[in-house]
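# Structure for the following, please:
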Amino acid sequence: MSRISVIIPLYNKVNSIERTLQSVARQSVQPLEVIVVDDGSTDGSAEVVRRMNMPLVQLVSQSNSGVSAARNRAMELAQGEWVALLDGDDCWEPGYLENAERMIDIYPAAAAIGTAFMVDDGRRRVAGDTPQKEGVVDFFVESMSRYVLIPSATVLRRDITLALGGFPEGMRMGEDQYLWTKIARTAQVVFSPARLVVYSRAAENRSASIFRPEQTVFSLEDLYDEDALPISNEYVARVALGKALVESARGGTAVAKRALEFFSYNRLSSRLTRKLRLLNALPACMRPAVLNIYNWMAWVIARRGL
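Residues are numbered from 1 along each chain as shown. Down below sits the predicted model:
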């Protein structure tokens, strides 16, 4: 019997959730269960799930509380020793769960398993920048320059994740990295270079592309720990400064300034610091366009393998 429960937060993914669930149904090793938490969808997403009538799928509904709350509720309901995260607009190749089960057997001390992925921008697929070798990774060192864990390509030990508090509810950007930091400071992170996940960059309603004010008691500042390895604090600073770029572009001048001040201890993200400082100095009306142009150019360069 599988040790893995699949958990899917669902919010207005009517055009993609069927494809996502079909990718689970095609797995060479089936999960113990699939828990879909409908987080107050208004576009008929939940009806699509009901219509598919998949035996392993349990659909749970809640008022809109955010992706972290949806994932946490799914983890609390799950029966599996491990939970595989999957967003409602991403897909798995058929061997994804089989590979995860294999990694669980090989690395019993791990609390998180990352897998390589492809990025689909609606026109073509490009390999994500990830580690090249299988095994235990130095999460913080690797994550300063490439992707080790992203939600749809991550499997977590359920008990450890819940003991650490799960995802920070109400945090709308950086919530994944918040949890990754706590896990990586506690237990092993392992990685598989098999490209078995398709991340949809062009997906509808992608949470990273939607700005809404945060309503949370959690902050990336909370993760600064003078007793932790310096590289883990550097990673937190990098995440926080990247988040502040988006907040600055949406007019959050004071929030971005606070991030520049608090995370000024960083030594490995000086380019990001300069970019944020320059963006925050521009008139607020110019910032979204400037950041969008920069991000578009960065994606074009990455897509060309440069």
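# Between the two ends of stretch 16-31, what distance do you get?
The straight-line separation of the ends of stretch 16-31 (Cα to Cα, to the nearest Å) is 20 Å.
# What mean pLDDT does that stretch get?
Confidence for stretch 16-31, expressed as mean pLDDT, is 98.
# Check stretch 77-95 too.
Average pLDDT, stretch 77-95: 98.
# Please point out which parts of it sit buried.
By 16 or more other Cβ atoms under 10 Å, the buried positions in stretch 77-95 come out as 78, 80, 82-93. Placement of C-beta: from N, CA and C, glycine included.
# Also stretch 283-290?
In stretch 283-290, counting by 16+ other Cβ under 10 Å, buried: Arg287, Pro288.
# and if you look at stretch 229-248?
Using 16+ other Cβ under 10 Å as the test for burial, stretch 229-248 gives 232-248.
# Show me the shaky parts of the protein.
203-213, 302-306 (pLDDT under 70).
# if we can go back for a sec, so which of the buried residues of stretch 77-95 is the closest to Val14?
Using Cβ to Cβ, Gly88 comes nearest to Val14 of the buried residues of stretch 77-95, at 9.4 Å.
# Just give the nearest non-adjacent residue to the closest one, would you?
Lys13 (3.6 Å; Cβ to Cβ, 6 or more residues apart in numbering).
# Quick check: the one you found vs Ile113, distance?
According to Cβ to Cβ, to the nearest Å, Lys13 and Ile113 sit 24 Å apart.
# now Glu93
Per Cβ to Cβ, Glu93 is found 15 Å from Ile113.
# residue contacts, Tyr294?
Residues near Tyr294 by Cβ atoms under 8 Å, 6 or more residues apart in numbering: Lys275.
# Just confirm it is within a strand.
No - the assignment for Tyr294 by DSSP: H, G, I helix; E, B strand; the rest coil gives helix, which leaves it out of any strand.
# now the strands for the stretch 101-250 of the chain?
Remark: strands assigned in the stretch 101-250 of the chain by DSSP state E, counting those that start in this stretch are 110-120, 125-127, 135-137, 154-157, 188-200.
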